[in-house]
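Enquirer: Next input, structure requested:
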Amino acid sequence: MNPDGTWTRSGEQTKVGSAQPDFIAGFHTALTYKDFSLSLLFDSRFGGQIVSGTYNYGMFTGVLKSSLYGRAAEYGGLERKLTDGRIVYDGMIPEGVFDKDTKIKGVDVGGKTYQWAYEQKLVDPVSASAYYDSKYSWQYGIREEAVQDISWIALREISLRWNMPKKLAHKLYLQNVNLGLLVRNVGYLYNSLPDNIHPEGLSSNRSYEFIEVGGAAYARTYGFNVNITF
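Expert: Take a look at the predicted model:
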């Protein structure tokens, strides 16, 4: 870490995750009671990681709820004095340790945390805007911060059907009548990604795809069907 609270790069490549899930699963169940039947279709993925562009740039621009931290006193922001004497409460303490032989105000802080230097009154909190810019911006950001564990359970489809009693159908000179309501892409029962980021918004449907870049959420559709046998 640099004295100003920005991070330095190691220059080494390291493995930060795997695009492959531990397992994927689907489940279908149908329940019947008298003349009614309820059908549910579930889809799920557990394990693996993705790189979330939505999280990366949402944190940088401040449009995600998670990025509220540190931006005001009610969100954990520390007191910070501006050059004109005004006091604001958007201070943050960067995570990390200073590079070897780093000196601040004549004190060797190499290997020490920014928190330690703050407690020793050697540094001031950095502004929330500078913190998020340094951590998530395109130019300076730490790409590992966008790597997210991903697991989800989706209720993919739900349908409810009613079979008209044959006695009633015969009175209408019909053999069978079946009425149904159908909803597809109902929603996610579980989503491990922060801020309700769409877990299936990947760049492509390739099995090795690992980048999520803000794809539109699946549209929830509704249907009604009538099956009649004369």
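
Enquirer: what's L122 in contact with, if anything?
Expert: Applying Cβ atoms under 8 Å, 6 or more residues apart in numbering, we find L122 in contact with 104-105, 107, 109. Glycine gets a C-beta too; all of them are placed from N, C-alpha and C.

Enquirer: So what touches the helix or strand bottoming out on mean pLDDT in the chain?
Expert: Taking mean pLDDT, DSSP states H and E as the measure, the chain has helix 166-171 as its least confident helix or strand, at a mean of 84. With Cβ under 8 Å, 6+ apart as the test, helix 166-171 has contacts from 175-177.

Enquirer: Need the phi and psi values for the most centrally placed residue in the chain.
Expert: Centroid check for the chain by Cα atoms, centre = their mean gives L193 as the closest residue, at 2.8 Å. Main-chain dihedrals, L193, degrees, to the nearest 10: phi -70, psi 150.

Enquirer: So it versus G77, what's the distance?
Expert: Distance check for L193 against G77: by Cβ to Cβ, to the nearest Å, it reads 25 Å.

Enquirer: And for G223?
Expert: Taken as Cβ to Cβ, the span from G223 to G77 is 49 Å.

Enquirer: Which one's more surrounded, the two?
Expert: Higher neighbour count among G223 and G77: G77, with 20 against 11, using other Cβ atoms under 10 Å.

Enquirer: Can you give me the separation between the more buried one and R71?
Expert: The value you get for G77 to R71, if Cβ to Cβ is used, is 6 Å.

Enquirer: what about the residue nearest to A117 when sequence neighbours are not counted, how many neighbours?
Expert: Excluding the flanking residues, the one nearest A117 by Cβ to Cβ, 6 or more residues apart in numbering is V123, at 4.6 Å. Close neighbours of V123, defined as other Cβ under 10 Å, add up to 21.

Enquirer: what do you get for G26?
Expert: Neighbour tally, G26, other Cβ under 10 Å: 10.
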